[in-house]
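Enquirer: Pasting a predicted model and its sequence here:
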Amino acid sequence: MLKNLVLSKSIKLTLNVRYFHSSTKLKSGGASPISYPSLEIENAGELQKMNLFQSINNAMDIALKSDPKACVFGEDVGFGGVFRATVDLRDKYGAHRVFNTPLCEQGIAGFAIGMAAQGATPIAEIQFADYIFPAFDQIVNEAAKYRYRSGGQFNCGSLTFRTPYGAVGHGGHYHSQSPESYFGHTPGLKVVVPSTPIEAKGLLLASIRDQNPVIFFEPKLMYRSAVEEVPIGDYEIPLGKARVVKEGSDITIVGWGSQMRVLLQAVHMAEEKLGISCELIDLRTIQPWDVETVCNSVKKTGRLLISHEAPKTGGWAAEISSTVQERCFLSLEAPIQRVCGYDTPFPLIFEKFYVPDHLKNFEAIKKTIQY
Amino acid sequence: MYKVGGLLNRVTKNEIIKRYISSGTTFKVQNGNTFKINNSRGLLVNGVCSSSSNSIITSNNKSISIESLYNQRHFSSSKSQSKKREQDDDDEDNSKLKKTDKLVVQELKELIPVYSIMNQDGIVSQPDQDPNFSKEVVTKMYTTMVLLNTMDSILYDVQRQGRISFYMTSFGEEAIHIGSAAALDMNDTIFAQYRETGVFMWRGFNVDDIVNQCCSNDLDGGKGRQMPMHFGSKRINLQTISSPLTTQLPQAVGTAYAQKLMGEKNCTIVYFGEGAASEGDFHAAMNFAATLSTPTIFFCRNNKWAISTPSKEQYKGDGIAGRGPNGYGMKTMRVDGNDIWAVYNATKLARQIAVEEQKPVLIEAMTYRVGHHSTSDDSSRYRTIEEINHWKENQNPVQRLKSYMLRKGWWDEDREKAFIAESRQTVRDALNRAEKQKKPPISELFTDVYDKLTPNLVEQQNELLDHLKLYADEYPLDQFSNSTINK
Ligand SMILES: Cc1ncc(C[n+]2csc(CCOP(=O)(O)OP(=O)(O)O)c2C)c(N)n1
Ligand SMILES: [Mg+2]
């Protein structure tokens, strides 16, 4: 029992024999800064330093400018949103196109579906992914089935839901959750999770223009902390295509969103301590996910680790893992590892223990390599 | 109609008798004691209950087995009651609608007035409506407000210093908290949103309790799992606060129904903001409470803002109160939320209606959120300092009660200064104690997900333990209780 976790001499021995030691300071609040490789955009043109919320704002600015039927709305969106992602847009495009709604997520979702069905381009914000559940029925039963149930006569494909998700260090149960797999489980929806400002802009523009309802989960931990030189022009990054962030030969590591930085840190640690080479993949789109890129990588490396913050049981890692097992069985040299949140609600004071941090990922990589 | 419902399936005969006995019911037990039972419409069902023979003899000499209570049949077939029921139904029935040959588009005509009896100078316009509390009680009310203010100021700053992770102040809404809480019974159940700290303080949830929760230490009844302000306490009958807005409303209707079912002489009060009232759960709750006739008090704190959204973008028509009488057939009051006596009188009357008539009541208290939404918000982005100052200076609920006390000669500036100093000390001491306290044991990460740990949780707990052994110096283990490490 952990309750009586008194780590005494025997453990001291374990600590002494450990030949590796992380140089990062987890105790002082998270990982040390690592430079995450920026995606190259072809013919990028002029660049501007933007953090994540600014690049998302920039994407919506372009969407509103290029599509007169596009509208941005949600709770507190008018003054710029609680995370500042919609700042200045009301002034630029008017209160008829950028506006506050009453405080009602099911209303926001149903309203967005109706707008889309009538040919407009709604970009709806749900203030936190934790608060998307009152809209679950509208999204899962309505948006997702709108085209199918009408025999293709009607659709609400022009709609996009943006919503911040994930751990931030102090969010507790209801400002931390990662609900992507609830939606990934629903045919008819696309689910996208960006991991950098450059990626977020291109993926959001692609989501807005995609002719299917898209749920766009924004890693709120990175709204301010992730900064890149973002092209100011219009560009899209295709949905359903994963990005190989770093090539490698010994193990494939798959993640998305803010977990990518944690994984890169684990990769650095593993390459340094274990002398191996890791292939790191950003899935970017959860549904439909890029089976081909992941499976090709696993066929090459023979090993797979998937990591997400959401609870392990029924999480998207389970889906990836079973698909890879079906397709790459003979290439696998070790059991697939899932490093995820525990099967508990997201706990405020225990967050550091709950999250699948770089150390847990490093240990899982080691276990796989030493299998 | 005797609505016993599903709950009775799980209680024993003796429990039924005990519950109704304790709630003052009219059953005669064979040994001669008389008891009463309230039915769902507040009518009495007379009868004799034989505790030995498993049966109840009604006043018209019918024998009803206790088992049949489970099936809900006998009480509902009583003749006099079904007649009464028909009459009741007629009142709400369509046949009461008048016909007209004029095609008129109905529009909002009259707004429900705001009940207000004490002005900013502490003068009560209708002396017979002054609840006339003793000096001691009024002093306690006032000092609780001041303590709440003082604590809010300190904890707000403490959050800015990074010593707690989050905070929400109640500035401007103090009269709502104390006025409503004082009108309730300790056995009434409370559901809250998050900006109701004064209500909990009035019921005995003290500064230590609050600060321990904000510090997520092992004295927090919620085991540090939730963000600050998400209090919950069995002792003061406060169901644990949840961030998703308005979810507590239908729940409060359910608890009130259970109170009624068990014949309790209590009600449930549920607090919520005018913003939260836009959620679908508001409608569900109001409609359930009205149709199932539950002793629920819906207490809306209309403070004009929902984060950055002003109430004029939140709803049209006659506010939240306007939805009550015509929308749901619900008894409704609108009060000046900065007038503690108005709030008290309204809540007291609401409680009386809820408990005695077994009916829901809606109260809309008009006030103003003087502080920022939370420590994550900067309200200067969306409202003017003039607007805030207008409310702070001309409608201040704490000042209003102070004026009342000054008039009575019950308070003076020296006492005020001394009390504020004492309050500051109380909060600082509590904070120092709370910060020294360890966090809950790490094992609590896995408990209470279910009543018992499931196999996957046991496995995950062991995985974490192994991991922590391996990386003991990478995690702040020494901050947690029962997790000692010998480095
Ligand atoms: C379902 C849900 N949606 C959104 C939020 C985010 N949120 C928290 S408080 C709040 C505003 C609530 O305003 P109101 O009900 O008027 O209460 P007040 O803060 O004014 O006391 C919002 C939008 C939430 N907690 N839950
Ligand atoms: Mg409000």
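Expert: Sure thing, it's come through. Ligands and ions are numbered 1, 2, ... in the order given.
Enquirer: Quick check: which ranges of chain A have low pLDDT?
Expert: Scanning chain A for pLDDT under 70 picks out A:1-33.
Enquirer: And the strands in it?
Expert: Applying DSSP state E to chain A gives strands spanning A:47-51, A:70-74, A:98-100, A:121-125, A:160-165, A:190-192, A:214-219, A:227-231, A:243-246, A:251-255, A:278-282, A:285-287, A:304-311, A:337-341.
Enquirer: and those as JSON lines, adding distance to chain B and mean neighbour count?
Expert: Yep, even glycine has a C-beta here, placed from its N, CA and C like the rest. Compiled in JSON lines, these are given as follows (distance: least, CB to the nearest CB, whole Å; neighbours: other CB atoms under 10 Å in any protein chain shown):
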{"stretch": "strand A:47-51", "distance to chain B": "17", "mean neighbour count": "15"}
{"stretch": "strand A:70-74", "distance to chain B": "10", "mean neighbour count": "24"}
{"stretch": "strand A:98-100", "distance to chain B": "5", "mean neighbour count": "21"}
{"stretch": "strand A:121-125", "distance to chain B": "13", "mean neighbour count": "26"}
{"stretch": "strand A:160-165", "distance to chain B": "12", "mean neighbour count": "27"}
{"stretch": "strand A:190-192", "distance to chain B": "21", "mean neighbour count": "26"}
{"stretch": "strand A:214-219", "distance to chain B": "16", "mean neighbour count": "27"}
{"stretch": "strand A:227-231", "distance to chain B": "21", "mean neighbour count": "20"}
{"stretch": "strand A:243-246", "distance to chain B": "24", "mean neighbour count": "18"}
{"stretch": "strand A:251-255", "distance to chain B": "18", "mean neighbour count": "29"}
{"stretch": "strand A:278-282", "distance to chain B": "20", "mean neighbour count": "25"}
{"stretch": "strand A:285-287", "distance to chain B": "23", "mean neighbour count": "24"}
{"stretch": "strand A:304-311", "distance to chain B": "10", "mean neighbour count": "26"}
{"stretch": "strand A:337-341", "distance to chain B": "10", "mean neighbour count": "23"}
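Enquirer: Same list, these, but as a markdown table with distance to B:Leu147 please.
Expert: Formatted as a markdown table, the strands of chain A follow (distance: least, CB to CB, whole Å):
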| stretch | distance to B:Leu147 |
| --- | --- |
| strand A:47-51 | 41 |
| strand A:70-74 | 38 |
| strand A:98-100 | 36 |
| strand A:121-125 | 39 |
| strand A:160-165 | 36 |
| strand A:190-192 | 48 |
| strand A:214-219 | 40 |
| strand A:227-231 | 44 |
| strand A:243-246 | 54 |
| strand A:251-255 | 48 |
| strand A:278-282 | 52 |
| strand A:285-287 | 49 |
| strand A:304-311 | 40 |
| strand A:337-341 | 39 |
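Enquirer: Would you convert those strands into JSON lines that also reports distance to ligand 1?
Expert: Converted to JSON lines, those look like this (distance: least, CB to the nearest ligand atom, whole Å):
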{"stretch": "strand A:47-51", "distance to ligand 1": "22"}
{"stretch": "strand A:70-74", "distance to ligand 1": "10"}
{"stretch": "strand A:98-100", "distance to ligand 1": "10"}
{"stretch": "strand A:121-125", "distance to ligand 1": "11"}
{"stretch": "strand A:160-165", "distance to ligand 1": "11"}
{"stretch": "strand A:190-192", "distance to ligand 1": "20"}
{"stretch": "strand A:214-219", "distance to ligand 1": "16"}
{"stretch": "strand A:227-231", "distance to ligand 1": "27"}
{"stretch": "strand A:243-246", "distance to ligand 1": "32"}
{"stretch": "strand A:251-255", "distance to ligand 1": "28"}
{"stretch": "strand A:278-282", "distance to ligand 1": "29"}
{"stretch": "strand A:285-287", "distance to ligand 1": "23"}
{"stretch": "strand A:304-311", "distance to ligand 1": "19"}
{"stretch": "strand A:337-341", "distance to ligand 1": "21"}
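Enquirer: For B:Lys140, which of the ones you listed is the nearest?
Expert: strand A:98-100 (40.7 Å; CB to CB).
Enquirer: what helices or strands is that closest one leaning on?
Expert: strand A:70-74, helix A:89-93 (3 or more CB pairs under 8 Å, 6 or more residues apart in numbering or on different chains; DSSP states H and E).
Enquirer: got the angle between the first one and strand A:160-165?
Expert: Right, strand A:70-74. Relative orientation of strand A:70-74 with respect to strand A:160-165: 40 degrees, computed using axes from the mean of the first three to the mean of the last three CA atoms, to 10 degrees.
Enquirer: Could you spell out the sheet neighbours of strand A:70-74, each with its direction?
Expert: Within its sheet, and counting by DSSP bridges, strand A:70-74 is paired with strand A:98-100 (parallel), strand A:121-125 (parallel).
Enquirer: Against chain A, how distant is B:Ile307?
Expert: Taking CB to the nearest CB, to the nearest Å as the criterion, B:Ile307 is separated from chain A by 5 Å.
Enquirer: about what we covered before: export the helices and strands packed on strand A:98-100 to TSV and append columns for distance to A:Gly110.
Expert: Formatted as TSV, the entries for the helices and strands packed on strand A:98-100 read as follows, by distance: least, CB to CB, whole Å:
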stretch	distance to A:Gly110
strand A:70-74	12
helix A:89-93	22
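Enquirer: Which among the ones you listed is found nearest to ligand 2?
Expert: When the helices and strands packed on strand A:98-100 are ranked by distance to ligand 2, counting by CB to the ion, first place goes to strand A:70-74 at 17.2 Å.
Enquirer: How far off centre is the closest one?
Expert: 22 Å (CA atoms, centre = their mean, to the nearest Å).
Enquirer: what's it in contact with?
Expert: A:60, A:63-64, A:81, A:86, A:89, A:93, A:96-101, A:108, A:111-112, A:115, A:120-127, A:208 (CB atoms under 8 Å, 6 or more residues apart in numbering or on different chains).
Enquirer: can you give me the end-to-end distance of stretch B:225-236?
Expert: 20 Å (CA to CA, to the nearest Å).
Enquirer: can you check stretch A:249-265 too?
Expert: Counting by CA to CA, you get 17 Å between the two ends of stretch A:249-265.
Enquirer: which residues are in contact with stretch B:414-433?
Expert: For stretch B:414-433, using CB under 8 Å, 6+ apart, the contacting residues are B:143, B:146-147, B:150-151, B:154-155, B:158, B:163, B:207-208, B:210-212, B:215, B:402.
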